[in-house]
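Enquirer: Got a sequence here, can you model it:
(chains A and B)
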Amino acid sequence: MDMTGEFRISAPRDVVWQALNSPDALRACIPGCEALEKTSDNGFSATVMQKIGPVKARFNGEVQLENINAPESYTIRGEGKGGVAGFAKGGADVRLAEDGGDTVLTYTVNAQIGGKLAALGSRLIESTSKKLAAKFFENFQTYITEGGAGRMS
Amino acid sequence: MSTGIGARVKRKEDKRFTTGQGRYTDDVRVDNQAYAVFVRSPHAHAKITGIDKSEAEAMDGVIAVLDGHQLTGDGIGNLICGWAVSSKDGSPMNMGAWSALATDTARYVGDAVAVVIADSRQEARDAAEAVVVDYEELPVVVTSDKALESGAPQIHDNAAGNLCFDWEIGDEAAADKGLAEAAHVTQMRIVNNRLSPNPMEPRSAVAIYDSAEEHYTLYTTSQNPHVARLVLSAFYNVAPEHKLRVIAPDVGGGFGAKIYIYPEEITCLWASMKTGRSVKWTADRSEAFMTDAHGRDHITNARMGFDQNGKITGFKVDTLANLGAYMSLFSSATPTYLYATLLSGQYDIANIYGNVKGVYTNTVPVDAYRGAGRPEASFLVERMMETAAREMGMDPAELRRRNFIGSFPHQTPVIMTYDAGDFAGNLDMAQKAADVAGFPARRAEAAQRGKLRGLGYSCYIEACGIAPSAAVGSLGAGVGLWESAEVRVNPVGTIEILTGSHSHGQGHETTFSQIVAERFGLPIENVSIVHGDTDKVQFGMGTYGSRSGAVGMSAIVKAMDKVEAKVRKIAAHVLEASEDDIVIENGAVKVAGTDKQMLWHEVGLAAYTAHNLPAGMEPGLKETAFYDPVNFTFPAGCYIAEVEVDPETGVTKVVQFTAADDFGTIINPMIVEGQVHGGAAQGIGQAMLEGVVYDQDGQLLTGSYMDYCMPRADDVPFYTIEHNKTVCPGNPLGIKGCGEAGAIGTPPAIINAITDAIGNNDLQMPATPLKVWTALQAAAKPMAAE
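Expert: Down below sits the predicted model:
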């Protein structure tokens, strides 16, 4: 599955960049995130509960940040295993551009899914992913506005 | 009302089926029942580098977590293929090893890697999620043509280039010569779409190990419990046959998918011994889509040549058959001996050559599915005929008539000897019933409504009752294909028929009773049919290939012959008459021309009391028979479909469907019509709706009914059904078989009708609205350019 998108966040780019690298922010904003820990300088482990179509599963995954070009861009690469529900893996190129006081985030995702997820959910994966992305950025905006970003500094 | 041969007797078994009292495998409950859930590979091709069971083993209710190394370590054998096919160079097929639980490599999505046994299904399910399998992904190939390309991922070490066999039939030089001499050659590339069998009842197994007796009992959803016992014993080393009882109770549909002995049954038996618990497994629908053997999946390139008069001069066929990741039980025979032996269709063709390459891919194994090879042959031949007629500007029915075989027996160049048939008669019957003469008016009327109406023929032939044993043995079959029966007349005169056939929807309890009622003049209520239990029935080869009538009932007839002979002797002795004067009618055994008689039950009682039997006669009235047919049987027929296409959307409706089948003798017309209805519905499903799709990574995208479209009531028309009845000379009842004809004959009629409607012969199944619309646009383009 390939997916691209763009979101405008009402915050300066440095704040957005910090939040995108903060386990607290990510934990608070990723829909269904039950745990997220930093495991190395650029690595996280995460547990996320997700429902895609009729498949509900808890994914345990590892996420690596690569091609870091602060505060403009990075690549997220990850793989999650959902037990009998299957697996999801892939990457996303994320770019931040300044636009006045706002930040415009664009992303390009390439993902693969397997097992029951593919058998039952492949037709729904794109719409579900778009919904999840929208939810993430909604959470993200709220987090920054309500001072979560302030707590980080 | 008569209840004998030819009577529309209501099905005896339907009382329990329609009142929810059927007893299926999943209904079997044993004290202290444990449940199995399989851990399956989510990858289509991957090395298994490690399995961490510790977390799962510590979970509540978990009894054991078992893997493939333990299974093979206990000496459980690899799955076998029951039919050895040789390549044209004489080399044996390259069979890849298939362990019931994968040890080192998973080769399709759904390949079982481990099994969790727990106190409840839920606990087993939870624990299965906690089993951590480390996979190292390998490259994947899912289609037969790509799997043969150089550099394709190698699936089995011993099958270079993923080629399992490169088999041929017929005379290539003769076919080439026939094509070279042809005035017209029709060339087509035809894909026979991959299907999921979808029996209503998913597969299930209950394995019970008795440690005191070292005895196993397996309840399972099988079409052939004795074959299951034989294979489980002789090849999988589960237990010797006398320590293994296999019971196939009520089974809710098979369609071929329940012929095979799958990894799950083997694993449950072994796990029952390992854990000392009865182990039950029932597939959920996702597992059924993922692991039931699929059907069809051929890619064929064919050329058929004709002389100036439309006589076929030669036919050459190249087929790639996708076998999936492993060889299923009859996967080698299905695309070879059950397919290419019918390339002659209903036609007198002197020169035929077929080449079939069996190819491994990273998909679930492919094997027999209702029709098994014969739908692929029928679709190919009948698409070629219809297309050739259009290309030559001939009436498709007339082209067929010019090539029909008219005298029998007829030896084709591809092994088969057709014993009897009336192909022109079937076509006449169908044309009349379908009012083909009125078609132009119907087409014009449809056009006024903005619809494109088309008519398509299919003159199919198939081969049932795979036989005789010596012949199939010479072609590589690992088993004999006879059938056995036992007729027990009880002291009170009621009769039990024990048969090696297995009913999983066919209505044997009714039809088998009817032939007994006919023979002895008894009410069918006095007859019961026992099947599906290796402890009760002496032996049996089971039900598939429409063999239960032609072979299974013939065995019952042979056993009844023996019973009748003994009854005559007893009655003649008791009534002090000559055996030759004894007649059996209306439940009485009479001396012809006198009023002397014994009622049927009096003969039974006499046989068991043994107070007054002829000198030297053994007491009792029970006879067995093993029946080995002399030949295949050849059901044939003509189907005519009419469709209407909406040119704006491509949506196609089957608006008229006529079947004229020649099944030989018919025992119960109602049941036979039901078989045709069901088969035709599956044929319409294949032609217009169904198709398994794997993505390029080997992920099954059609894993539920959201994405795999089965025919529903509004997808099928009202059927007009006619019967031509040329008696089969090969068996005592004259039966040919009817179970698969609908699925075999229907797809070409539908596609021929749609292509007629849209004016484009290039249309592959399933003919979804998108495909029909696209083909219609392609057909419209040249006209627009003119």
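
Enquirer: pretty sure B:G256 contacts B:R370?
Expert: Yes. Proximity of B:G256 to B:R370 meets the contact threshold set by CB atoms under 8 Å, at 5.9 Å. (Glycine included, C-beta is placed from N, CA and C.)

Enquirer: Secondary structure class of B:F38, three-state.
Expert: Reduced to three states with DSSP: H, G, I helix; E, B strand; the rest coil, the structure at B:F38 is strand.

Enquirer: and it, how many residues sit next to it?
Expert: 23 (other CB atoms under 10 Å in any protein chain shown).

Enquirer: Then the one 5 residues further on?
Expert: Using other CB under 10 Å, B:H43 is surrounded by 27 other residues.

Enquirer: Please tell me the pLDDT value assigned to it.
Expert: Per-residue confidence (pLDDT) for B:H43: 94.

Enquirer: and it, what is it in contact with?
Expert: A:114, B:106, B:109, B:135, B:137, B:698 (CB atoms under 8 Å, 6 or more residues apart in numbering or on different chains).

Enquirer: Could you do B:K562 as well?
Expert: B:K562 sits next to B:487, B:623-625 when contact means CB under 8 Å, 6+ apart.

Enquirer: ok, what's across the strand from the nearest residue to B:I352 once chain neighbours are set aside?
Expert: Of all residues not flanking B:I352 in the chain, B:G170 sits nearest, at 4.4 Å (CB to CB, 6 or more residues apart in numbering or on different chains). B:G170 forms beta bridges with B:Y353, as assigned by DSSP bridges.

Enquirer: So A:G5 belongs to a strand, correct?
Expert: Yes. Assignment of A:G5 by three-state DSSP places it within a strand.

Enquirer: May I have the beta-bridge partners of it?
Expert: A:Y107.

Enquirer: so how far is A:A134 from it?
Expert: To A:A134, A:G5 is 8 Å away according to CB to CB, to the nearest Å.

Enquirer: now B:N526
Expert: Remark: distance between B:N526 and A:A134 (CB to CB) = 71 Å.

Enquirer: So those two - more neighbours on which side?
Expert: Neighbours per residue, other CB under 10 Å: of B:N526 and A:A134, the larger number sits with B:N526, 18 against 13.

Enquirer: returning to that earlier point: what's near enough to touch the residue nearest to B:I352?
Expert: So B:G170 contacts B:340, B:343, B:351-354, B:413-414 (CB under 8 Å, 6+ apart).

Enquirer: For it, give me the pLDDT.
Expert: 98.

Enquirer: same check, this time on B:G253
Expert: 96.

Enquirer: Chain neighbours aside, what residue packs nearest to it?
Expert: B:P199 (3.4 Å).

Enquirer: secondary structure element for the residue nearest to A:P31 when sequence neighbours are not counted?
Expert: Computed as CB to CB, 6+ apart, the closest residue to A:P31 that is not its neighbour in sequence is A:K135, at 4.6 Å. A:K135 is located in helix A:125-145, with elements delineated by DSSP states H and E.

Enquirer: how about the closest residue to chain A within the stretch 251-400 of chain B, secondary structure?
Expert: Nearest residue of the stretch 251-400 of chain B to chain A, counting by CB to the nearest CB: B:S286, 5.9 Å away. Classification of B:S286 using three-state DSSP returns helix.

Enquirer: was I right about it contacting A:G115?
Expert: No. In this structure, B:S286 is not within contact of A:G115 by CB under 8 Å, at 9.6 Å.

Enquirer: for chain B, what helix or strand is lowest in average pLDDT?
Expert: Every helix and strand in chain B was compared by mean pLDDT, DSSP states H and E; the lowest is helix B:769-785, with a mean of 82.

Enquirer: Up against chain B, what does chain A have?
Expert: A:53-54, A:81, A:83-87, A:112-116, A:118-120, A:122-123 (CB under 8 Å from any CB of the partner chain).

Enquirer: if we go to 10 Å?
Expert: Chain A comes close to chain B at residues A:53-55, A:57-58, A:60, A:81-87, A:89, A:112-124, as judged by CB under 10 Å from any CB of the partner chain.

Enquirer: tell me the mean pLDDT over stretch B:473-490?
Expert: Here stretch B:473-490 scores 93 as its mean pLDDT.

Enquirer: buried sites along it?
Expert: B:475-479, B:481-490 (16 or more other CB atoms under 10 Å in any protein chain shown).

Enquirer: And for stretch B:641-657?
Expert: Buried-residue list, stretch B:641-657, by 16+ other CB under 10 Å: B:641-647, B:650, B:652, B:654-657.

Enquirer: Mind listing the shared neighbours of B:G256 and B:R370?
Expert: Residues touching both B:G256 and B:R370 by CB atoms under 10 Å, 6 or more residues apart in numbering or on different chains: B:197, B:295, B:544, B:740, B:743.

Enquirer: Please tell me which one of the residues you listed counts the most neighbours.
Expert: Of the shared contacts of B:G256 and B:R370, with other CB under 10 Å as the count, B:A743 tops at 32 neighbours.

Enquirer: Lovely, talk soon.
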